[in-house]
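1. no FASTA, just this:
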DNA sequence: ACCTCACCATACGGTAGCGTACGGATTTGT
DNA sequence: ACAAATCCGTACGCTACCGTATGGTGAGGT
């Protein structure tokens, strides 16, 4: 529930009174479960990190070939803009002391996974790392574009293939 | 001044009372110049759009070769994270009715410019468009990474060259 | 039957920002 | 010199949120 609010209204929406109202409850109830607003936010973020970060990787791991994993990863963004709503909300609140460490851990985890993926495809370690950072940049950037200016991203299928070709092109 | 606040504290920082305090003035003064907070925000955004959007393009245009223009564009992000602070602040507030249209115009303008750039390099129109969207995604994504998780982006010089190679690689 | 405790509601005070009212000062036009 | 326009400050009410205090209710244990 708090996660839905986070996705829709950003970190600011993970607040005691709005959430209580949304649940048909009152503040008194909320403050019994959580000592304060920060604790509520931290619990929400921890839950998201625990349940949804690995979820993306698991989904991608379902594909056998590394290239198909990449394809699925990028297709994930282009097909469902809502899926990355929490990510974008967190990036938007990157200065919040409760958000920053979560963002760092998730980013590291994902980039490391991408490094593995590119190494599995056959690129040497240094090269794989550059490709991973590049690919994750594309991921973040396309997620932003899809929600802020979706009309720019037309011909999605072709764009997807083009993106894949670009990040996996041999030097 | 309002632009500095926007870059530092996001759209929420472009508020009447904080800005007035920052200027050593009071609300009374602020509300003489602007009818309300929204007008203040709109004026700030319009000014940024007018002065700083073309500034990037002008800076890039200083380079003769299209490839060097791309290099300068991406180097711009990797070297100075502060430079894209306003962009990120706007993306973070993309749901604000005053922000959304500005974001759309700026995005369109920049992507269109990138299309021109790739066409100048010699790619056909369709291809150029895909590369432009891809390149702008990388731009946005790297800007995010640089502020949210800068430690991920090491070996910047190499990453820059890698990025350029990726977006300009022949199919 | 009674007590305890988990759970929830009501009511209150505090803060930060928006917007308005109005009065004082300073500059400008005539 | 005087009036008007311009510019700024103080004071107030309003809203949304945080956090606390305190009382109420229903389920289990004894």
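-> Yes, it's here. Bear in mind that the values here come from a model prediction, so they are computed numbers and not experimental data.
2. so the one residue in chain A that gets nearest to DNA strand C is in which element?
-> Closest approach between chain A and DNA strand C, counting by Cβ to the nearest atom of the strand: residue A:28, at 2.1 Å. Using the backbone N, CA and C atoms, a C-beta is placed for each residue, glycine as well. For residue A:28, the host element (DSSP states H and E) is helix A:27-33.
3. Quick one: distance of that helix to the chain centre.
-> Helix A:27-33 sits 30 Å away from the centroid of its parent chain (Cα atoms, centre = their mean, to the nearest Å).
4. Output the contacting helices and strands for it.
-> In terms of contacts (3 or more Cβ pairs under 8 Å, 6 or more residues apart in numbering or on different chains; DSSP states H and E), helix A:27-33 is packed against helix A:16-22.
5. So the helix it packs on, near DNA strand D or not?
-> Yes - using Cβ under 7 Å from any atom of the strand, helix A:16-22 reaches DNA strand D at A:16, A:17, A:18.
6. So for that helix, what gets flagged as buried?
-> A:16, A:19, A:20 (16 or more other Cβ atoms under 10 Å in any protein chain shown).
7. nearest to DNA strand D, of those residues?
-> residue A:16 (3.3 Å).
8. Make CSV out of the buried residues of helix A:16-22 and add pLDDT.
-> Compiled in CSV, the buried residues of helix A:16-22 are given as follows (pLDDT from 0 to 100):
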residue, pLDDT
A:16, 97
A:19, 97
A:20, 96
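9. Excluding sequence neighbours, find me the nearest residue to the most centrally placed residue in chain A.
-> For chain A, residue A:87 is the residue whose C-alpha lies nearest the centre (Cα atoms, centre = their mean; 3.8 Å). Closest residue to residue A:87 apart from its sequence neighbours, by Cβ to Cβ, 6 or more residues apart in numbering or on different chains: residue A:143 at 6.3 Å.
10. helices or strands next to the longest helix seen in chain A in the packing?
-> If you go by DSSP state H, chain A has its longest helix at helix A:125-148. Using 3+ Cβ pairs under 8 Å, 6+ apart as the contact test, the elements touching helix A:125-148 are helix A:66-79, helix A:85-92, helix A:100-121, helix A:156-168, helix B:100-121, helix B:125-148, helix B:156-168.
11. same thing but 6 Å
-> helix A:100-121, helix A:156-168, helix B:125-148, helix B:156-168 (3 or more Cβ pairs under 6 Å, 6 or more residues apart in numbering or on different chains; DSSP states H and E).
12. Contacts for the longest one, please.
-> Right, helix B:125-148. With contacts defined as Cβ atoms under 6 Å, 6 or more residues apart in numbering or on different chains, helix B:125-148 is touched by A:91, A:94, A:103, A:137-138, A:140-142, A:144-145, A:159, A:162-163, B:77, B:81, B:84, B:88, B:111, B:114-115, B:118-119, B:152-153, B:163, B:167.
13. Return the distance of it from the chain's centre.
-> On Cα atoms, centre = their mean, the centre of helix B:125-148 falls 12 Å from that of its chain.
14. residues of it that come out buried?
-> By neighbour count with 16+ other Cβ under 10 Å, helix B:125-148 contains the buried residues B:127-148.
15. Likewise for stretch A:161-171?
-> Using 16+ other Cβ under 10 Å as the test for burial, stretch A:161-171 gives A:162, A:163, A:164, A:166, A:167, A:168.
16. and chain A, which of its residues are near DNA strand C?
-> Residues of chain A lying near DNA strand C (Cβ under 7 Å from any atom of the strand): A:20, A:24, A:25, A:26, A:27, A:28, A:29, A:32, A:33.
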